[in-house]
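**Q** missing the sequence, but the structure's below:
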């Protein structure tokens, strides 16, 4: 019997559209709830669409879940997960999809999540939640300077700042804790075309700020599929290039790493996780990975079949043919803006979903076929003329 997947996203991130293709290609019926303007709306792989309304988010999600009657719900961003956890009436399907909901109250708070990891023997920097400016000096003494300041419930690099002095930490704390001014929230709602910021203006709230000891090194990340606390499949990556100081990855390298394997296994078991999950690390100069964040949701690389196929593992079906045997992966849509890349890099471009390709290419390309002029892709069988026939 065909399984039904409900993808839930409150942002315009491309990962949900890529997952639609992955699950559909494995024989699942794919439905999704998403905001206006998301590339999912033009995906050839979407069986049924449900509108997400930022000003009535819980009502939107409840209607979609009732209508879809899905076997599994996949949260594709942090806000989506946070909202789903508020839908007490859907606890059975949410727990079957995610694991015990109580686990996520820990996982979505940075300091408790890292504390739990350290209890499991996972290498992770000390992370302390700070309630007020009065508590900041003691936290700084425990964590040390320089350090990283992070808010709970932030993602995509937002709400993360590096600080090098006590004065800078005080200023950053005030800025991060907020709440932001109504004028700033209204401006962001207009500039980003995101009505969530209008809600923020109407109902401002302070954020929880955390201090984390700084681990010098380079980012790395893991993604895994789990069921009832057991890891079904996992992929581990070194991040070679990323946006800004703390933004999303654009170029990644597949690695085998026993310590990252062990971290995924311990986190999954500790919280009895199900679904698609992510872990962020910093790899120090000696090569040791240190866990800095838990991302208890689908992330931007979960769709890609390699020697492990996470969507297939989750569905319990045979995996797809590996997309490539190259170890370095350039992610879409970031790849569109990159300089010419060597043939040793695989370009993860959705040639099979041309309307999504056009929608996500942005100003770099008004037509999917013209992407060939941006970069020499060199992927066998992926000639842009195929898009002109099927687009």
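**A** Yep, it's here. Worth saying up front: this structure is predicted, and the values here are computed from it rather than measured.

**Q** how close does residue 228 get to residue 319?
**A** Here residue 228 is placed at a distance of 20 Å from residue 319 (C-beta to C-beta, to the nearest Å). Where you see a C-beta, it was placed from the backbone N, CA and C, and this is true even at glycine.

**Q** quick one, which of the two is more surrounded?
**A** More crowded of residue 228 and residue 319, by other C-beta atoms under 10 Å: residue 319, with 17 against 13.

**Q** so what's that one closest to, chain neighbours aside?
**A** Of all residues not flanking residue 319 in the chain, residue 309 sits nearest, at 3.4 Å (C-beta to C-beta, 6 or more residues apart in numbering).

**Q** What ranges does this protein have for its helices?
**A** Taking DSSP state H as the test, the helices found in the chain are 15-25, 57-68, 78-84, 91-98, 101-107, 110-119, 136-143, 166-177, 182-191, 196-202, 258-271, 310-315, 354-361, 385-390.

**Q** ok, residue 108 - how many residues close by?
**A** If you count neighbours by other C-beta under 10 Å, residue 108 ends up with 19.

**Q** how about the residue nearest to residue 319, what does it touch?
**A** By C-beta atoms under 8 Å, 6 or more residues apart in numbering, the contact set of residue 309 is 233, 319-320.

**Q** Name the residue closest to the centre of this structure, please.
**A** Nearest to the mean C-alpha position of the chain, by C-alpha atoms, centre = their mean, lies residue 299 at 3.2 Å.

**Q** Distance of the closest residue to it other than its chain neighbours relative to residue 248?
**A** Closest residue to residue 299 apart from its sequence neighbours, by C-beta to C-beta, 6+ apart: residue 278 at 4.0 Å. Distance of residue 278 to residue 248, computed by C-beta to C-beta: 12 Å.

**Q** Please apply the same query to residue 269.
**A** Separation of residue 269 from residue 248 (C-beta to C-beta): 28 Å.

**Q** Got the domain ranges for the protein?
**A** 4-98, 126-213, 332-390 (automatic domain parsing).

**Q** Could you dump these into a markdown table with mean pLDDT, distance to residue 119 and mean neighbour count added?
**A** Shown next, in a markdown table, are these (pLDDT from 0 to 100; distance: least, C-beta to C-beta, whole Å; neighbours: other C-beta atoms under 10 Å):
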| stretch | mean pLDDT | distance to residue 119 | mean neighbour count |
| --- | --- | --- | --- |
| domain 4-98 | 95 | 21 | 20 |
| domain 126-213 | 80 | 13 | 16 |
| domain 332-390 | 64 | 36 | 16 |
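
**Q** would you turn those into TSV with distance to residue 255?
**A** Putting the domains of the chain into TSV (distance: least, C-beta to C-beta, whole Å) gives the following:
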stretch	distance to residue 255
domain 4-98	21
domain 126-213	22
domain 332-390	15
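
**Q** Quick one: closest of these to residue 242.
**A** Smallest distance to residue 242 across the domains of the chain (C-beta to C-beta): 8.3 Å, for domain 126-213.

**Q** Quick check: end-to-end length of the closest one?
**A** Using C-alpha to C-alpha, to the nearest Å, the end-to-end distance of domain 126-213 comes to 6 Å.

**Q** and if you look at stretch 324-338?
**A** End-to-end distance for stretch 324-338, by C-alpha to C-alpha: 20 Å.

**Q** ok, now stretch 293-301?
**A** Start-to-end, stretch 293-301 (C-alpha to C-alpha) is 16 Å.

**Q** Begin at 726 from now on, thanks
**A** I'll keep to 726 as the first residue from here, and by that count the last item is stretch 1018-1026.

**Q** thinking again about what came up before, looking at the contacts of residue 1034, which is nearest residue 729?
**A** Closest to residue 729, out of all of the contacts of residue 1034 and judged by C-beta to C-beta, is residue 1045, at 19.2 Å.

**Q** show me the contacts for the closest one.
**A** Contact analysis of residue 1045 by C-beta under 8 Å, 6+ apart lists 747, 750-751, 1030, 1034, 1037.

**Q** Any figure for the gap between it and residue 790?
**A** For residue 1045, the distance to residue 790 equals 28 Å [C-beta to C-beta].

**Q** which stretch among the domains of the chain comes nearest residue 990?
**A** domain 729-823 (17.8 Å).

**Q** Tabulate the helices of the chain (a markdown table), appending distance to residue 884.
**A** Below are the helices of the chain laid out as a markdown table (distance: least, C-beta to C-beta, whole Å):
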| stretch | distance to residue 884 |
| --- | --- |
| helix 740-750 | 19 |
| helix 782-793 | 20 |
| helix 803-809 | 10 |
| helix 816-823 | 23 |
| helix 826-832 | 17 |
| helix 835-844 | 10 |
| helix 861-868 | 17 |
| helix 891-902 | 6 |
| helix 907-916 | 13 |
| helix 921-927 | 13 |
| helix 983-996 | 22 |
| helix 1035-1040 | 27 |
| helix 1079-1086 | 24 |
| helix 1110-1115 | 38 |
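
**Q** and of these, who's closest to residue 726?
**A** The closest of the helices of the chain to residue 726 is helix 1035-1040. By C-beta to C-beta, the value is 11.7 Å.

**Q** Give me the packing partners of that closest one, helices and strands only.
**A** helix 740-750, strand 943-952, strand 955-967, strand 1000-1008 (3 or more C-beta pairs under 8 Å, 6 or more residues apart in numbering; DSSP states H and E).

**Q** ok, back up a step: now do the same for the residue nearest to residue 1024: its pLDDT.
**A** Here, the pLDDT recorded for residue 1003 equals 97.

**Q** Pull the number of nearby residues for it.
**A** Residue 1003 has 19 nearby residues by other C-beta under 10 Å.

**Q** do residue 940 as well
**A** For residue 940, the count of nearby residues is 18 (other C-beta under 10 Å).
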